[in-house]
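Asks: my questions are about this predicted structure, shown below with the sequence.
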Amino acid sequence: MATRRGQSLVGMAVVDTDGIELGYVSAEEENALVLGEGSAGLLRLGRRHLGSISDKVNLKGALVELLSGLNVVDNQREVVGVVRDTVEGEGSLDSIVVEDEGGEMVTVVLEDVRLIDEWVELKVGGDELEGT
């Protein structure tokens, strides 16, 4: 587990370089941080996105830059589309905008995201998403 000077990251806020909060670390896994207490509910964030650690966990860049272009898969591991943008509100990430295979833009609320790593994995099926 990654720690800071032997201390756990649990309880630390996770923010991007623009100060947008993704959530708080509720547990640590070998390859991911489990985030809770944020707009996402509970999700896993791959350590590949982590930058520096101070009084909070800082990501390597802005969320829109880190997520843009990542494939999105549903709960059946079927490709739903590609992340094109993010929607923030009051200092936290609210949702991601996904372009599906037909070119339609679909907004996915962060509560429906299970994992952000090499791709974005959803907790729901692709057929449950609605276009915007």
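Replies: Thanks, I have it.
Asks: avg pLDDT for whichever strand in the chain runs longest?
Replies: Longest strand of the chain, by residue count under DSSP state E: strand 79-89. What strand 79-89 shows for mean pLDDT is 95.
Asks: any figure for the gap between the residue nearest to the spatial centre of the chain and Gln7?
Replies: For the chain, Ile116 is the residue whose C-alpha lies nearest the centre (CA atoms, centre = their mean; 4.5 Å). Counting by CB to CB, to the nearest Å, the gap from Ile116 to Gln7 is 24 Å. For the C-beta atoms, the positions are set from N, CA and C on the backbone; glycine is no exception.
Asks: pretty sure the residue nearest to the centre of the chain sits against Arg47.
Replies: No - with contact defined as CB atoms under 8 Å, Ile116 does not reach Arg47; the gap is 11.0 Å.
Asks: setting aside sequence neighbours, what's the nearest residue to Ile116?
Replies: With sequence-adjacent residues excluded and distances taken as CB to CB, 6 or more residues apart in numbering, Ile116 is closest to Leu45, at 5.2 Å.
Asks: got a list of what the one you found touches?
Replies: Shown in contact with Leu45 (CB atoms under 8 Å, 6 or more residues apart in numbering): 14, 22, 32-33, 35, 115-117.
Asks: helix, strand or coil for it?
Replies: strand (DSSP: H, G, I helix; E, B strand; the rest coil).
Asks: with just CA atoms, put the helix or strand of the chain with the lowest mean pLDDT into CSV.
Replies: Lowest mean confidence among the helices and strands of the chain (mean pLDDT, DSSP states H and E): strand 32-38, at a mean of 84. Provided in CSV are the C-alpha atoms of strand 32-38 (Å, rounded to 0.1, in the frame of the first residue of the first chain):
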residue,chain,number,x,y,z
ALA,A,32,-6.1,1.4,-6.5
LEU,A,33,-7.6,3.7,-3.9
VAL,A,34,-11.2,3.1,-2.8
LEU,A,35,-12.9,6.5,-2.7
GLY,A,36,-16.0,7.2,-0.7
GLU,A,37,-17.8,10.2,0.9
GLY,A,38,-17.7,12.1,-2.4
